[in-house]
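**Student:** Give me a 3D structure for the following:
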Amino acid sequence: MKNRESWRSKYERRDNFKRPYFSIAFLAVLTTGCLFAEFIMPQDPVYMNLAEINAAPSSAHIFGTDTLGRDIFSMIWYGGRISLSVALIATLISTLIAALYGTASGLAGRRVDEFMMRGTELLMSIPNILLIIFVQAMIGEPTVISIAVVIGITGWMPVAKMVRSEVKQIRNSDYILAARTMGGRFLYLLTRHLSPNFMPAIMFMIVTSVGSAIAAEATLSFLGIGLPTNVISWGSLMSLSQQAILSGSWHLLIIPGAVLVLTIISITDIGEYLRAAGRRERLL
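**Tutor:** Numbering: from 1, shown residues only. Take a look at the predicted model:
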C-alpha cells in the first residue's frame, strides 16, 4: 500500500510538471484573437495596397504585406477563423463517424468485426493526403464546408479502431448485457452506456485530430487544390511561400509558418497531456 501511494504521488508530480500551460495560453489567445479579429486588425485583410507590395515588417505593417499589398497581420487573424472552423467541423465529422463505426464493429460478431477492421486497415494503408485529394476531386469545387467534410470523412479510421477496442473490453459488462436484454437499441447503448466509457480514452486523439485537420487544410492550399484564392486562410497564406522564395520576402514564409507550426505543436502538446492523464487514470 505504501509503495502504491509513493508511486502515485511520484506520478502526479511528474504529471503536474508536464501540464501544457504555455500551449493552453497560446491557443486561448489565438482563439480569442480570431473570434474578435475585427477589433484588432489594423485594416481590412482583403484591402490591396499596390504601393506596398511585399513590404517588410514595420510600424505600419507589423508582419509586413503580401504580393498584393495585403496586411499579413490582419490576414493571420482573419484566416485563423477559417482554418480553425474547417478543423473543428472536420474533427466533429470524423469523431461521429469513428464513434458509430467503432461501436458497431465492437458489438458485432467475430466475422463482421474482422471484415469491418480489414476495411479500416485498407483505408489506413492509403496516404491520407492522397485520400483527401481523391475525395475532393469527386466532390468538385472546394469550399470551406466541402474541405471540412473531405478532411472529416477521410480521418476517422484511427479513432474508430480505438473506439472498437474500448467497446470490446466493456461489451460483456453486466450493465451492457442488461441494457441489451431489455431491448436497448444501438444508439441508446452508444449514447447512454458506451460513449461515457470510451470518450476519455479517445479524447487525446480527438484533440490531435484538430491539429491534423489544420495541417491538411494548409497542405491542400499549398498544393493549389484547397480553398479558392479569394478565401483567406492559413493555408492560402502558406501558398504564398513559393512567391516568397522567388521574391526574397522572408516574412511571407516565416511568419505564417511560425503561427501554423506553433498552433499544431500546442494542440499536439495538449493531446499528449490528455493521453498521459488517461493512462494514469487507468493505472490508478
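**Student:** mind listing what residue 184 touches?
**Tutor:** Neighbouring residues of residue 184 by C-beta atoms under 8 Å, 6 or more residues apart in numbering: 192, 193. Backbone N, C-alpha and C define where each C-beta goes, glycine included.
**Student:** Pretty sure residue 188 sits against residue 180.
**Tutor:** No: with contact defined as C-beta atoms under 8 Å, residue 188 does not reach residue 180; the gap is 9.7 Å.
**Student:** Number of residues surrounding residue 92?
**Tutor:** Neighbours of residue 92 under the rule other C-beta atoms under 10 Å: 15.
**Student:** List the buried residues for the helix or strand containing residue 92?
**Tutor:** For residue 92, the enclosing helix or strand under DSSP states H and E is helix 72-107. Using 16 or more other C-beta atoms under 10 Å as the test for burial, helix 72-107 gives 72-87, 89-91, 93-95, 97-107.
**Student:** Ok, stretch 173-181 next?
**Tutor:** Quick answer for stretch 173-181 (16+ other C-beta under 10 Å): 176, 179, 180.
**Student:** Pick out whichever of these sits closest to residue 208.
**Tutor:** Nearest to residue 208 among those is residue 176, at 28.4 Å by C-beta to C-beta.
**Student:** Which strand or helix spans that closest one?
**Tutor:** Assigned by DSSP H and E, residue 176 belongs to helix 174-181.
**Student:** Who are the packing partners of that helix?
**Tutor:** If you count contacts as 3 or more C-beta pairs under 8 Å, 6 or more residues apart in numbering; DSSP states H and E, helix 174-181 packs onto helix 186-189.
**Student:** Which other helices and strands does the helix or strand just after the helix it packs on contact?
**Tutor:** Where DSSP H and E defines the elements, the next helix or strand beyond helix 186-189 is helix 195-222. Packed against helix 195-222 by the contact rule (3+ C-beta pairs under 8 Å, 6+ apart) you find helix 72-107, helix 128-139, helix 144-153, helix 157-170, helix 234-238, helix 251-283.
**Student:** List just the one of the ones you listed that sits closest to residue 120.
**Tutor:** Proximity to residue 120, assessed across those by C-beta to C-beta, is greatest for helix 157-170 (5.0 Å).
**Student:** What residues of that closest one count as buried?
**Tutor:** By 16+ other C-beta under 10 Å, the buried positions in helix 157-170 come out as 157, 158, 159, 160, 161, 162, 163, 164, 166, 167.
**Student:** Reformat the residues you listed as JSON lines; add pLDDT and distance to residue 274.
**Tutor:** Shown next, in JSON lines, are the buried residues of helix 157-170 (pLDDT from 0 to 100; distance: C-beta to C-beta, whole Å):
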{"residue": "157", "pLDDT": "92", "distance to residue 274": "20"}
{"residue": "158", "pLDDT": "92", "distance to residue 274": "15"}
{"residue": "159", "pLDDT": "92", "distance to residue 274": "13"}
{"residue": "160", "pLDDT": "92", "distance to residue 274": "18"}
{"residue": "161", "pLDDT": "92", "distance to residue 274": "18"}
{"residue": "162", "pLDDT": "90", "distance to residue 274": "13"}
{"residue": "163", "pLDDT": "90", "distance to residue 274": "16"}
{"residue": "164", "pLDDT": "90", "distance to residue 274": "20"}
{"residue": "166", "pLDDT": "86", "distance to residue 274": "15"}
{"residue": "167", "pLDDT": "87", "distance to residue 274": "20"}
